[in-house]
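# coords please:
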Amino acid sequence: MFHHRKREIMSRIRIIPTTRVAAAATLLAAGLIVVPALATPGSGITVTALSKGDFEELDVKADKADNWDLLLKTKDDSDIGVDHLVIAPGGRSGWHTHAGSTLVTVTVGEVEWYDGDDSLCPSRTYRAGEGFVEPANHVHNVRNTSGAPAEIVAVQMRPDNTPGRIDAPKPDDCPSF
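Alright, predicted model coming up:
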């Protein structure tokens with residue numbers, strides 16, 4: 001009788017963990033199916049970090065020259081990095097944002113910059129020698145719609161210890177690519 005009772009108890013002990021594992025696996029699988037993928041990865045793009053500097057608070061002023069002057073001020077530590085990006089014909093960055101502002105200069109070819117924060121999802125073409133600003137926390141995508149490689153240099157200023165790129169879902173009114 002004792003042996004029979006022990007087998008019954010051991011059988012229950014094995015069933016309970018197996019049932020819990022199966023239930024957890026089912027919940028995990030259901031969660032993976034229900035949760036949409038947020039990342040929109042790039043394609044045909046190579047990013048090379050050229051430098052990254054850690055800066056304390058900045059309070060930089062340039063002497064006025066005619067109508068031009070400069071004021072750069074931060075209220076906390078910052079990371080400032082420089083990246084060189086090569087985008088193959090048809091390549092794209094994927095939808096993303098940055099925690100800080102990015103100054104972009106096209107050095108070779110041309111790129112098309114898509115503004116995902118505007119409900120019309122407008123785009124603008126920039127050619128070698130032209131520059132533009134990617135505002136902080138602003139969803140965007142950069143594409144090379146030309147038949148030749150394009151290159152850009154990006155200077156990124158962002159809060160200390162934040163990622164250089166934050167993946168974002170494709171905005172509803174923007175094209176899929």
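# from here on, contacts and neighbour counts on C-alpha atoms
Noted.
# for the closest residue to residue 144 other than its chain neighbours, name its beta-bridge partners.
Once flanking residues are discounted, residue 144 sits nearest to residue 111: 4.7 Å by CA to CA, 6 or more residues apart in numbering. On the basis of DSSP bridges, residue 111 is bridged to residue 126.
# quick check: residue 111 touching residue 143?
Yes - assessed by CA atoms under 8 Å, residue 111 is found in contact with residue 143 at 5.6 Å.
# which residues in the protein form strands?
Assigned strands in the chain, in chain order: 43-55, 59-65, 68-73, 78-92, 96-97, 101-108, 110-115, 123-127, 131-134, 140-143, 150-159, 166-167 (criterion: DSSP state E).
# now do the fourth one: everything it contacts.
What it means is strand 78-92. Strand 78-92 is contacted by residues 42-57, 141-161, 177 when judged by CA atoms under 8 Å, 6 or more residues apart in numbering.
# list the contacts of residue 148.
88-89, 109.
# that one and residue 68, how far apart?
In this view, residue 148 and residue 68 are 36 Å apart by CA to CA, to the nearest Å.
# and for residue 76, the neighbour number?
11 (other CA atoms under 10 Å).
# tally of neighbours for the closest residue to it other than its chain neighbours?
The shortest distance from residue 76 to any non-neighbouring residue, by CA to CA, 6+ apart, is to residue 57 (4.9 Å). Applying other CA under 10 Å, we find 12 residues neighbouring residue 57.
# and stretch 56-68, end to end?
Span of stretch 56-68 from end to end, CA to CA: 25 Å.
# any idea how the protein splits into domains?
Recorded structural domains for the chain (assignment: automatic domain parsing) are 1-35, 43-167.
# shaky segments in this protein?
1-39 (pLDDT under 70).
# so the residue nearest to residue 161 when sequence neighbours are not counted bridges to which residues?
In space, and not counting its chain neighbours, residue 161 is closest to residue 79: 7.0 Å by CA to CA, 6+ apart. With DSSP bridges as the criterion, residue 79 is bridged to residue 54, residue 158.
# quick check: phi and psi at residue 42.
Main-chain dihedrals, residue 42, degrees, to the nearest 10: phi -80, psi 170.
# wait, it touches residue 94, no?
Yes - assessed by CA under 8 Å, residue 42 is found in contact with residue 94 at 4.2 Å.
# ok, those two, which is more surrounded?
Each of residue 42 and residue 94 has its neighbours counted (other CA under 10 Å); residue 94 has more, 23 against 19.
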